[in-house]
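Colleague: can you look at this prediction? I've put the sequence above it.
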Amino acid sequence: MSQRLPLIAGNWKMNNNHLEAIALVQKLAFALNDKDYDNAEVVVLPPFTDLRSVQTLVDGDKLKIGYGAQDVSAHDKGAYTGEVSGAMLAKLDCSYVLVGHSERREYHHEDDALANAKVKAAFKNEIVPILCVGEGLEVRQAGQQVEHVLAQLDGALKEVPAGQAERIVIAYEPVWAIGTGEVATPEDAQEVCSAIRKRLAELYSPEVAGAVRVLYGGSVKGDNAPGIMAKDDVDGALVGGACLKADEFVKIIRFGE
Ligand code: PEP
């Protein structure tokens, strides 16, 4: 475990209407005894339609739970039907936004150039991107996971200055582990997370590499979280399925206890 404050982020994907969102955040806050919890930073990433409700609840009750969105447009404004801009997310006080999640890459054909544009759009609006990278099964079976992930990283960070890069969050999410119940071993996670950190040192500096939080994502649950989080270069988790139940998500958040 590193000195960086662990970040545990829950990607709700396309789940929970705004009423269900309020109920889940309330349960989470209650289970965390939110006001005096400080072992990890906790963030939820609901669908766009829930953000206003989550903002109202978090502000009203002064919860320590952060929130953000699952995607951001690469464009500032205009004729982009269905898209949501960084400025709109900033207006809702979003702290984070996912960029380049494997489901966006697979179902919406997003590539590294688009991830790069979205990283820049997020920073332009003072929102921290959580950049998702990760290899599919064939790449893993060919033993090419590190090269694959580093190429994704290079592409998404093109012309992103060090002053921004030091605030980014990288989520290493092997595609074969997402939603499958097949979690990477702590050693697999460490291999790629440490390679990401080394590349950040090459692209920027050891200081930037030391500041960036690198998360693991892919079938993280309460039971497997402690082993993964114990690794030196793993600074938290991006959680899908297990974040939809407050009790299981809290088990992950309390991984060190
Ligand atoms: C994800 O979609 O980012 C994810 C990690 O999902 P799951 O935890 O369900 O594998």
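Modeller: Yes, it's here. Numbers count the residues shown, from 1 in each chain.

Colleague: contacting residues for the nearest residue to I127 once chain neighbours are set aside?
Modeller: Of all residues not flanking I127 in the chain, V97 sits nearest, at 5.2 Å (C-beta to C-beta, 6 or more residues apart in numbering). Using the backbone N, CA and C atoms, a C-beta is placed for each residue, glycine as well. Applying C-beta atoms under 8 Å, 6 or more residues apart in numbering to V97 gives the contacts 45, 68-72, 86, 89, 118, 122, 127-130.

Colleague: equivalent analysis for G240, please.
Modeller: G10, N11, K13, I178, G179, G217.

Colleague: please redo it, this time with the cut-off set to 10 Å
Modeller: Remark: with contacts taken as C-beta atoms under 10 Å, 6 or more residues apart in numbering, G240 is in contact with 10-13, 15, 45, 101, 103, 173, 178-179, 217-220.

Colleague: what does the pLDDT read for N33?
Modeller: With respect to pLDDT, N33 has a value of 77.

Colleague: what's the local residue count around it?
Modeller: Other residues within reach of N33 by the criterion other C-beta atoms under 10 Å amount to 9.

Colleague: roughly how far does H101 sit from G68?
Modeller: With the distance defined as C-beta to C-beta, to the nearest Å, H101 ends up 12 Å from G68.

Colleague: sorry, back to before: and the residue nearest to I127, backbone torsions?
Modeller: The phi and psi torsions at V97 (degrees, to the nearest 10) take the values phi -150, psi 140.

Colleague: report the beta-bridge partner residues of it.
Modeller: Listed by DSSP bridges, the beta-bridge partners for V97 are A69, P129.

Colleague: pLDDT score for it?
Modeller: V97 carries a pLDDT score of 98 in this model.

Colleague: roughly how far apart are it and T81?
Modeller: 20 Å.

Colleague: again with E138
Modeller: 34 Å.

Colleague: quick one: mean pLDDT over stretch 70-78.
Modeller: Along stretch 70-78, the predicted confidence averages to a pLDDT of 98.

Colleague: return the set of buried residues in that stretch.
Modeller: Neighbour counts over stretch 70-78 (16 or more other C-beta atoms under 10 Å) mark Q70, D71, V72, S73, A74 as buried.
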